[in-house]
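[1] for reference, the sequence and a predicted model appear below.
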Amino acid sequence: MARYTGPKTKIARKFGEAIFGEDKSFEKRNYPPGQHGNNRRRGKKSEYAMQLQEKQKAKYTYGILERQFRNLFKKASGSSGITGEILLQLCESRLDNVVFRMGIAPTRSAARQLVSHRHITVNGEIVNIPSYSLQEGDVIGVREKSKSLIAIQNSLNNDNTVYDWLNFNQDTMTGTFVKVPERIQIPENINEQFIVELYSK
């Protein structure tokens with residue numbers, strides 16, 4: 001399956017929350033998509049439906065395909081600790097996600113594009129793999145030639161979010177992946193336990 005490139009508001013409405021960030025269209029129509037919208041009778045969801053929805057929400061939020069996501073789950077379940085928490089930590093440790101969190105790009109899809117187009121460096125070396133998994137202490141930066149890009153400048157000017165597990169210097173456009181975030185530091189509204197239960201069947 002190819003990566004989803006359709007209308008993002010429709011997906012956000014499906015989950016009932018703006019999972020792709022601020023969305024004026026979603027605010028206007030924050031009810032499920034479809035011909036009957038709010039009037040459609042929706043019975044109580046089964047346990048499986050809730051688990052599947054949570055997995056789909058996580059995949060769309062981080063922009064990860066099914067096979068990649070399943071591989072991350074296998075890696076998480078093979079690690080010591082709480083599987084669901086480790087799964088989210090692995091998602092947060094991806095290079096495209098960290099570029100987004102640092103404010104270098106306004107969305108994860110924009111961050112993925114910056115990485116793919118060789119604008120981002122890790123420890124001084126260009127890395128063009130969005131799924132690259134960062135380790136504690138890795139230094140992420142914008143390539144010298146790319147620092148003047150208007151898209152990056154605009155994103156940095158509009159983003160003031162600070163995360164305890166990341167350090168970022170806006171003047172040098174470099175930051176450090178200080179440590180893997182704890183669950184309480186991850187702002188995404190995802191019930192990771194449902195995902196664990198789904199894959200454990």
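    Received the coordinates, thanks.
[2] all the strands of the chain, residue numbers only.
    Taking DSSP state E to define them, one finds strands in the chain at 120-122, 125-126, 139-142, 166-169, 174-177.
[3] as TSV, these with mean neighbour count would be great.
    The C-beta positions use only the backbone N, C-alpha and C, and glycine is treated the same way. Listed next are the strands of the chain as TSV, based on neighbours: other Cβ atoms under 10 Å:
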stretch	mean neighbour count
strand 120-122	21
strand 125-126	9
strand 139-142	21
strand 166-169	17
strand 174-177	20
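[4] for the ones you listed, give me CSV that also has mean pLDDT and distance to Gln193.
    Putting the strands of the chain into CSV (pLDDT from 0 to 100; distance: least, Cβ to Cβ, whole Å) gives the following:
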stretch, mean pLDDT, distance to Gln193
strand 120-122, 97, 32
strand 125-126, 97, 37
strand 139-142, 97, 30
strand 166-169, 95, 26
strand 174-177, 97, 26
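[5] tabulate those strands in JSON lines, adding columns for distance to Ile190.
    Output for the strands of the chain, formatted as JSON lines (distance: least, Cβ to Cβ, whole Å):
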{"stretch": "strand 120-122", "distance to Ile190": "25"}
{"stretch": "strand 125-126", "distance to Ile190": "31"}
{"stretch": "strand 139-142", "distance to Ile190": "24"}
{"stretch": "strand 166-169", "distance to Ile190": "19"}
{"stretch": "strand 174-177", "distance to Ile190": "21"}
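[6] how is this structure partitioned into domains?
    Taking automatic domain parsing as the domain assignment, the ranges for the chain are 8-91+189-199, 95-179.
[7] could you tell me the least trusted of those domains?
    Within the domains of the chain, the least confident segment by mean pLDDT turns out to be domain 8-91+189-199, at a mean of 82.
[8] ok, longest helix in the protein?
    helix 47-62 (DSSP state H).
[9] for Gly175, what are its contacts?
    Counting by Cβ atoms under 8 Å, 6 or more residues apart in numbering, Gly175 touches Val98, Met102, Val139, Ile140, Gly141, Leu166, Asn167, Phe168, Asn169.
[10] my error: substitute Leu72 in the last question.
    Ile64, Leu87, Leu90, Cys91.
[11] same deal with Asp164?
    The neighbourhood of Asp164, defined by Cβ under 8 Å, 6+ apart, consists of Val178, Pro181, Gln185.
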